[in-house]
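Colleague: Need the 3D shape of this:
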Amino acid sequence: MSTTPSKPTAAGSLLQRQLKEINTAKDLSGISVGLVRDSNVFEWEVSLMINDDCKYYGGGIFRAHLTFPADYPHMPPKLVFQTPIPFHPNIYPSGELCISILHPPGEDTFGYESAAERWTPVQTPETILLSVISLFSEPNEDSPANLDAAKLLRAEREGGPKEFRKRVRQCVKESLGEVD
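Modeller: Residues are numbered from 1 along each chain as shown. I've put the predicted structure just below:
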């Protein structure tokens, strides 16, 4: 849940600066960011335009909200894809992204991730969004949020039917407003 502080905070000032940096960066093609509401720097609207060269998701335009906690950068934001939600091994059916760098700092109580793989305050919205773009190029089926997508991707990579690719192509079409 985001907060809208009544007075400027260190986190709010940092986010304003980072938003401006992303919007003026020349090397971030395919990434567009803005505020969901002008009055709340803690909630960003993101559009990711996936390069046509991407094996599965090429040509798609996926929208998400990136919501920052009041104690950012000490705690990670949450990225949730909006409708249509991409069919992807690392995106829950609810749209929430599952990626190590957005997991709270410290050791993983289940032992799947090291503390070095999890959130650290050196991460920025830019590094997060570049990691998300990378996940569209190389989904991680070993740590799935969407088991169906992970199973279909694994089967396809092992020479099975191209069902994953078919579902993703439909997802890309929906992201462009094309409905079959």
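Colleague: And the residue nearest to Asn146 when sequence neighbours are not counted, how far from Glu138?
Modeller: Leaving out its chain neighbours, the residue that sits closest to Asn146 by CB to CB, 6 or more residues apart in numbering is Pro89, at 5.6 Å. From N, CA and C alone the C-beta is placed, and that goes for glycine too. For Pro89, the distance to Glu138 equals 10 Å [CB to CB, to the nearest Å].
Colleague: show me what contacts the residue positioned nearest the centre of the chain?
Modeller: Nearest residue to the geometric centre of the chain (CA atoms, centre = their mean): Val132, 4.5 Å. Counting by CB atoms under 8 Å, 6 or more residues apart in numbering, Val132 touches 48, 64, 79, 97, 99.
Colleague: what's around Gly60, how many residues?
Modeller: 23 (other CB atoms under 10 Å).
Colleague: what's the helix or strand for the residue nearest to it when sequence neighbours are not counted?
Modeller: Leaving out its chain neighbours, the residue that sits closest to Gly60 by CB to CB, 6+ apart is Val172, at 3.9 Å. Val172 belongs to helix 163-175 when assigned by DSSP states H and E.
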